[in-house]
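Peer 1: any chance you could fold what I've pasted below:
(2 chains)
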Amino acid sequence: MAGHDHDHDHEHGSELSETQLRVRALETVLTEKGYIDPTALDAIIEAYETKIGPRNGSVVVAKAWTDPAFKKALLEDATKAVASMGHMSRVGDHLVAVENTPNRHNMIVCTLCSCYPWEVLGLPPVWYKSAPYRSRAVKDPRGVLSDFGIALPKDTEVRVWDSTAETRFIVLPMRPAGTKGWSEKKLADLVTRDSMIGTGLPLNPAEMK
Amino acid sequence: MTSIDPAAARRAREAVSSIPCDAEGPVFREPWEAQAFALTLSLYDRGLFKWPEWAAILGDEIKKAQTAGDPDTGETYYRHWLAALERIVAEKGVTDAGTLRKYFDAWDHAADRTPHGMPIELKPEDFR
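Peer 2: Take a look at the predicted model:
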């Protein structure tokens, strides 16, 4: 639906962009037909802008670092383990946690359309949705990691997980050294979004300052 | 344990143009992106489609855009999202392109007659 005409006089009127007009058209039609409730839309947007973000995932990771039983449950069935923490799980999909070890580093991608574990990480960053990431993550994961400033030891295997609409992944990074005795809350501050996608590592205690 | 210097990582990412990067900032760049996203979630909640169907259509729209020359750097992601949304509501028989076009024109008319800075509302006379 391209080709928004500009032959009329806008001097005293308002203007909506082509995309704004398309979204308004959809919203009005769907509301009139009873498919959506405009107030529910606002609630969804507010939740994603203010409540649902990588912080949810950080808390999950920090708990796994401190609670062996939870970690076991998380690796066995992440959907269930995350639900037990009372996190929002609205996409109803299958969440899988993959654990980083000294021998294996995990990285997630969706080569098709940028599927992403929204309920634990919020919405994907712009680079995650880009074609270069989607294609290079599979072909050259080490190259991508080096773009992100990470050089892994040669003998560490890099495993790339391709998300689908049904199965999404979250990386459980390794707990940084020098954090013995730290509380879950303090540990959660070390967990970055990128470390849960696998394009980053958690912060070191020294980087917290 | 491999350590990472955040400043070096930032410099490296800035130096590489192939993968666009961002700060951990707002997830929507413009309000319409948030609206399109929320519309899709609402329709999913209502059971209009399953996620695999959505992923297939969105994936297809992304491919079509790439073929048509879209650089697909992530900046245009919600444009593809919107195209997929228009397509899935038509495929599910909720509405059709003609109806959407009619409402599109009506909203355009409503914007034209609304003084700048005033809320834009749709009225029956906009459908002419």
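Peer 1: use CA for all of it now, contacts and neighbours both
Peer 2: Fine.
Peer 1: what about the lengthiest helix in chain A, near chain B?
Peer 2: In chain A, with assignment by DSSP state H, the single longest helix is helix A:18-32. Yes. Contact of helix A:18-32 with chain B (CA under 8 Å from any CA of the partner chain) involves A:19-30.
Peer 1: B:Ile57: what's it in contact with?
Peer 2: Contacts for B:Ile57 were tallied using CA atoms under 8 Å, 6 or more residues apart in numbering or on different chains; they are B:84, B:87-88.
Peer 1: repeat that with 10 Å
Peer 2: Neighbouring residues of B:Ile57 by CA atoms under 10 Å, 6 or more residues apart in numbering or on different chains: A:113, B:51, B:63, B:80-81, B:83-85, B:87-88.
Peer 1: of those, which is the most crowded?
Peer 2: In terms of neighbour count, A:Cys113 stands highest of the contacts of B:Ile57 at 28 neighbours, by other CA atoms under 10 Å in any protein chain shown.
Peer 1: and stretch B:79-93, anywhere near chain A?
Peer 2: Yes. Counting by CA under 10 Å from any CA of the partner chain, chain A has neighbours in stretch B:79-93: B:79-83, B:85-86, B:89.
Peer 1: check which residues of stretch A:102-118 are buried.
Peer 2: Buried positions in stretch A:102-118, judged by neighbour count with 16 or more other CA atoms under 10 Å in any protein chain shown: A:105-118.
Peer 1: ok, which of those also contact chain B?
Peer 2: Residues of the buried residues of stretch A:102-118 in contact with chain B (CA under 10 Å from any CA): A:111-115.
Peer 1: okay if I get those residues as a markdown table plus pLDDT and secondary structure?
Peer 2: A markdown table is the format used below for those (pLDDT from 0 to 100; DSSP: H, G, I helix; E, B strand; the rest coil):
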| residue | pLDDT | secondary structure |
| --- | --- | --- |
| A:Thr111 | 88 | coil |
| A:Leu112 | 84 | coil |
| A:Cys113 | 80 | coil |
| A:Ser114 | 79 | coil |
| A:Cys115 | 84 | coil |
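Peer 1: on that earlier part again, could you dump the residues of stretch B:79-93 next to chain A to TSV with pLDDT?
Peer 2: Output for the residues of stretch B:79-93 next to chain A, formatted as TSV (pLDDT from 0 to 100):
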residue	pLDDT
B:Arg79	93
B:His80	93
B:Trp81	93
B:Leu82	96
B:Ala83	96
B:Leu85	97
B:Glu86	97
B:Val89	97
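Peer 1: list just the nearest of these to A:Pro205.
Peer 2: When the residues of stretch B:79-93 next to chain A are ranked by distance to A:Pro205 (CA to CA), B:Trp81 comes first, at 39.4 Å.
Peer 1: can you confirm that closest one is in a helix?
Peer 2: Yes. Assignment of B:Trp81 by DSSP: H, G, I helix; E, B strand; the rest coil places it within a helix.
Peer 1: give me the neighbour count for the residue nearest to it when sequence neighbours are not counted.
Peer 2: Leaving out its chain neighbours, the residue that sits closest to B:Trp81 by CA to CA, 6 or more residues apart in numbering or on different chains is B:Leu58, at 6.2 Å. B:Leu58 sits with 25 neighbouring residues when counted by other CA under 10 Å.
Peer 1: any idea which element B:Leu58 lies in?
Peer 2: Taking DSSP states H and E as the criterion, B:Leu58 maps to helix B:51-67.
Peer 1: now that helix - C-alpha only, PDB.
Peer 2: Taking C-alpha atoms only, helix B:51-67 is exported to PDB below (Å, rounded to 0.1, in the frame of the first residue of the first chain):
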ATOM      1  CA  TRP B  51       3.300 -18.700  15.900                       C
ATOM      2  CA  PRO B  52       4.700 -21.000  13.200                       C
ATOM      3  CA  GLU B  53       2.200 -19.500  10.700                       C
ATOM      4  CA  TRP B  54       3.200 -16.100  11.700                       C
ATOM      5  CA  ALA B  55       6.900 -16.900  11.500                       C
ATOM      6  CA  ALA B  56       6.400 -18.400   8.000                       C
ATOM      7  CA  ILE B  57       4.600 -15.200   6.700                       C
ATOM      8  CA  LEU B  58       7.000 -12.800   8.400                       C
ATOM      9  CA  GLY B  59      10.000 -14.800   7.000                       C
ATOM     10  CA  ASP B  60       8.400 -14.700   3.600                       C
ATOM     11  CA  GLU B  61       7.900 -10.900   3.800                       C
ATOM     12  CA  ILE B  62      11.500 -10.400   4.900                       C
ATOM     13  CA  LYS B  63      12.700 -12.500   1.900                       C
ATOM     14  CA  LYS B  64      10.400 -10.500  -0.500                       C
ATOM     15  CA  ALA B  65      11.800  -7.200   0.800                       C
ATOM     16  CA  GLN B  66      15.400  -8.500   0.500                       C
ATOM     17  CA  THR B  67      14.700  -9.500  -3.100                       C
END
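Peer 1: average model confidence for stretch B:94-109?
Peer 2: In this model, stretch B:94-109 has a mean pLDDT of 95.
Peer 1: mind checking how far it is from the chain centre?
Peer 2: Centroid separation for stretch B:94-109 versus its chain: 17 Å, with CA atoms, centre = their mean, to the nearest Å.
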